[in-house]
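> the following comprises the amino acid sequence and a computationally predicted model.
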Amino acid sequence: MSADEALKIAYEKDLDLVKIAPQATPPVCRIMDYGKYIFEQTKREKEARKNQRVIDIKEIRMSSTIDTHDFNVKVNQAVKFLNGGDKLKVSVRFRKRTVAHPQFGEELLNKFKEAVSEVGVVDKPSKMEGRSLVMFVSPKPNK
């Protein structure tokens with residue numbers, strides 16, 4: 001139908017004439033309440049944004065000569081981060097002569113992995129990056 005007829009029908013129904021595909025020949029239009037359409041679309045976008053979860057990467061640094069209590073504090077922090085849904089980057093820093101003994105760092109990371117095994121899963125196993133040994137842990141997926 002012609003644009004004038006469609007505009008007249010839309011005016012009679014107290015609605016808007018909206019171009020859906022203006023590039024088509026002839027252009028495709030729809031009779032609708034445009035304000036209501038925009039409102040519902042923004043509502044849908046807002047709902048989708050609300051359901052999104054941004055995952056942060058938290059870092060926990062330790063020394064290869066860490067004491068038991070300090071280690072337990074780091075494990076508790078890690079459990080808190082993992083329960084919050086964040087990923088972890090666990091790094092063991094080596095200073096001065098401790099670089100010559102990376103096996104102590106490996107043992108520490110294995111102990112850490114066992115301590116957080118209830119709430120976390122290792123994404124990337126430990127590897128040396130410069131003077132530190134790094135391992136990535138992510139939260140266990142919910143069932």
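That came through, no problem. Numbers count the residues shown, from 1 in each chain.
> ranges for the helices of the protein?
3-12, 34-51, 68-83, 102-115 (DSSP state H).
> now the shortest one: mean pLDDT?
Looking back up the chat, that one is helix 3-12. Averaging the model's pLDDT scores along helix 3-12 yields 87.
> got the domain ranges for this structure?
Residue ranges for each domain of the chain read 3-51, 57-139, as given by automatic domain parsing.
> quick revisit: tabulate the helices of the chain (TSV), appending distance to Lys58.
Heads up, the C-betas are built off the backbone N, CA and C, glycines and all. Below are the helices of the chain laid out as TSV (distance: least, C-beta to C-beta, whole Å):
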stretch	distance to Lys58
helix 3-12	55
helix 34-51	22
helix 68-83	5
helix 102-115	14
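> hey, which of the ones you listed is tucked in deepest?
Each of the helices of the chain was given a mean neighbour count from mean count of other C-beta atoms under 10 Å, and the largest, a mean of 16, is that of helix 102-115.
> so how far is that helix from its chain's centroid?
The chain centroid and the centroid of helix 102-115 are separated by 27 Å under C-alpha atoms, centre = their mean, to the nearest Å.
> contacts for that helix next, please.
With C-beta atoms under 8 Å, 6 or more residues apart in numbering as the contact definition, helix 102-115 has outside contacts at 62, 64-66, 71, 74-75, 78, 90, 92, 94, 98, 122, 126, 128, 133, 135, 137.
> measure Ser2 to Leu15 for me?
Ser2 sits 17 Å away from Leu15 when distances are taken as C-beta to C-beta, to the nearest Å.
> those two - which one has more neighbours?
Set Ser2 next to Leu15 and count neighbours by other C-beta atoms under 10 Å: Leu15 wins out with 15 against 8.
> please report how far the more buried one lies from Leu7.
11 Å.
> hmm, back to that, and the contacts of helix 102-115, which are buried?
62, 64, 66, 74-75, 78, 90, 92, 94, 98, 122, 126, 133, 135, 137 (16 or more other C-beta atoms under 10 Å).
> which single one of these is nearest to Glu45?
Checking those against Glu45 by C-beta to C-beta gives Val137 as the nearest, at 33.2 Å.
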